[in-house]
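Novice: just a sequence and a predicted model for now, questions to come.
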Amino acid sequence: MDHFPLSLKPLAGKKALIVGVANDRSLAWAIAEHLHAAGCELAFTYMGDTLERRVRPLAESVSSKLILPMNAQSDAEMDSVFARVKSEWNGLDFLIHSIAFANREDLEGRFIDTNREGFLLSMDVSAYSLVALSKRAEPLMEGREAAIITLSYIGATRVVQNYNVMGVAKATLEATVRYLANDLGPKKIRVNAISAGPVKTLAAAGIRNFRDMLSKSEEKVPLRENIEQSDVGALAAFLCGPGGKHITGTTMMVDSGAHMMGI
Ligand code: 0WE
């Protein structure tokens with residue numbers, strides 16, 4: 001048995017759509033770099049002109065020819081993205097979903113103060129978008145041993161001060177992963193979440209006391225060091241490769257062991 005086939009580009013010829021790169025610190029970008037290093041061809045989406053200016057040079061640095069606008073709240077824009085992916089690639093192996101949003105005022109104070117609009121906005125962008133994208137990816141992924149990966153956080157299952165409505169949205173996202181994995185399993189499409197420890201990205205910038213949170217967690221976690229973006233990239237590449245073949249419906253923790261500690 002050839003347990004360790006030698007291949008420098010284990011994902012050569014595979015195609016991935018990456019949703020959620022904001023800049024070179026993004027978890028989605030670390031995943032893109034790892035998939036690119038494994039030989040994968042990449043497509044990217046961005047939301048708005050400001051992010052386009054950040055995403056386009058990054059995408060071009062990995063020879064991406066598909067750089068497309070997409071607001072996660074727009075069905076029509078999602079349709080356009082998948083129409084382009086179909087016409088350019090006629091198939092898709094991997095979908096990376098790395099987007100979330102809550103109103104800034106909903107990421108502090110008491111969760112109980114979340115209003116209907118803020119709650120639904122966070123759910124729509126952070127959780128429903130995975131359903132909407134997976135539905136469109138399904139016909140392109142059939143017969144390819146494809147994989148869908150999303151990003152979560154421990155606030156989904158434990159109360160994290162100030163994470164508030166995002167925690168509820170991430171709980172929904174993790175349950176969404178299980179139901180999608182059940183629906184798509186018969187088509188050999190795997191669906192998993194990566195739950196990452198805190199990292200300094202644009203999404204974390206401006207979160208109150210985030211620096212304190214990082215230094216506190218570094219002192220307390222079993223491995224005594226915070227994660228890096230590349231830890232998430234490496235796990236995503238593993239899940240997309242042969243090691244992930246029978247892994248679906250899970251949330252994998254990349255958090256230096258934080259999740260299993262009491263208090
Ligand atoms: O999921 C997240 C944050 C996602 C996020 C970030 C922002 C900042 C800007 C969602 N919506 C917004 N809206 C904005 O206006 N993380 C895992 C990072 C994060 O955010 C926190 C954390 C951690 C960790 C918020 C409170 C407490 C901890």
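Specialist: Happy to help now that I have it.
Novice: count the neighbours of C240 for me.
Specialist: Neighbours of C240 under the rule other CB atoms under 10 Å: 28. The C-beta positions use only the backbone N, C-alpha and C, and glycine is treated the same way.
Novice: distance check, it against the ligand.
Specialist: 22 Å (CB to the nearest ligand atom, to the nearest Å).
Novice: ok, now N71?
Specialist: 15 Å.
Novice: hmm, M47 and that residue touching each other?
Specialist: Yes: N71 lies in contact with M47 (CB atoms under 8 Å); the separation is 5.3 Å.
Novice: when those two are compared, which one has more neighbours?
Specialist: Each of N71 and M47 has its neighbours counted (other CB under 10 Å); M47 has more, 21 against 15.
Novice: now do the more buried one, the pLDDT please.
Specialist: On pLDDT, M47 comes in at 97.
Novice: show me what contacts it?
Specialist: Applying CB atoms under 8 Å, 6 or more residues apart in numbering to M47 gives the contacts P69, M70, N71, A72.
Novice: for these, which one is nearest the ligand?
Specialist: Nearest to the ligand among the contacts of M47, counting by CB to the nearest ligand atom, is A72 at 12.1 Å.
Novice: re the thing from before, return the subset of the contacts of M47 lying in helices.
Specialist: With DSSP state H as the criterion, helices contain none of these.
Novice: redo these as TSV? Include pLDDT.
Specialist: Converted to TSV, the contacts of M47 look like this (pLDDT from 0 to 100):
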residue	pLDDT
P69	98
M70	98
N71	98
A72	98
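Novice: tell me the bridge partners for I67.
Specialist: Under DSSP bridges, the beta-bridge partners of I67 are F44.
Novice: residues of this structure that sit close to the ligand?
Specialist: Within the chain, the residues that sit near the ligand (CB under 6 Å from any ligand atom) are 100-102, 104, 107, 153, 160, 162-163, 166, 198, 203-204, 206-207.
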